[in-house]
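J.: any chance you can model this:
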Amino acid sequence: MNDKKEKKTKSTRRNLIEWGVIIAIGATLYLTGLHTEVIGTLQRGLLATGLIKPSIPEETEEHPPASMEFYFADEDSSVQNLAAFEGNVIFLNIWASWCPPCIAEMPSIQNLYNDLKDTDGITFLLVSVDEDFERAKGFMERRGFEMPIYHFRTKQPGTYESTMIPTTYVISPNKRLVMEKRGFAKYDTEEFKTFLKDMAES
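T.: Down below sits the predicted model:
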């Protein structure tokens, strides 16, 4: 009987220690802000399966006009808007450094950017909603991402009032909003690259 009690006591103590370690790790990650990047890295594993990808439209002419009155500033605080890139395919991604799904999809966007950055007629705009833009810049530098990033200057117009980040929009050269993807996705697929290139060449 005493053996059973002793075993039960040891088992309970071991469980408490294990839970204590788990809670301590969770608290440490949360207090240091690393939980966001850890969750984002885990979600990237889900993207690697290729199951979550953007839906590619077949006809771009049938889509609604996109508002070009959308203002943002670059890393030098120079204010621009979408109209400056009219005539190009615009890949517009709205993200934040504190958003795990944004972190999860960022490597696939970097791969897409690497493959298409020298393609005429395609513009990449990664617009951060971080209140402190220095935090967004620090995130990009730490991760080794080389894409140009921007930050909001005015409230999004109705077209871009997504309640979820990340949200990605693709705007055609003739100012049609041909794609809106709320939530994360894998963008560096051959199918998606071909979609952007074909639209830029048409």
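J.: where do the strands sit along the protein?
T.: Listed in chain order, the strands of the chain (DSSP state E) span residues 71-73, 79-81, 89-95, 122-128, 149-152, 167-171, 177-182.
J.: now the chain, which segments are flagged as low pLDDT?
T.: The chain contains residues with pLDDT under 70 at 1-47, 49, 51, 59-61, 154-159.
J.: centroid residue for the protein?
T.: Cys102 (2.9 Å; C-alpha atoms, centre = their mean).
J.: what about stretch 125-132, how long is it end to end?
T.: Across its full length, stretch 125-132 reaches 18 Å between end residues, using C-alpha to C-alpha, to the nearest Å.
J.: buried set for that stretch?
T.: Within stretch 125-132, the residues scored as buried using 16 or more other C-beta atoms under 10 Å are Leu125, Leu126, Val127, Ser128, Val129, Asp130. C-betas here are computed from N, CA, C, even on glycine.
J.: for the closest residue to Tyr160 other than its chain neighbours, give me phi and psi.
T.: Leaving aside its chain neighbours, Tyr160 sits nearest to Phe70 (6.0 Å; criterion: C-beta to C-beta, 6 or more residues apart in numbering). Here is the backbone geometry of Phe70 (degrees, to the nearest 10): phi -140, psi 110.
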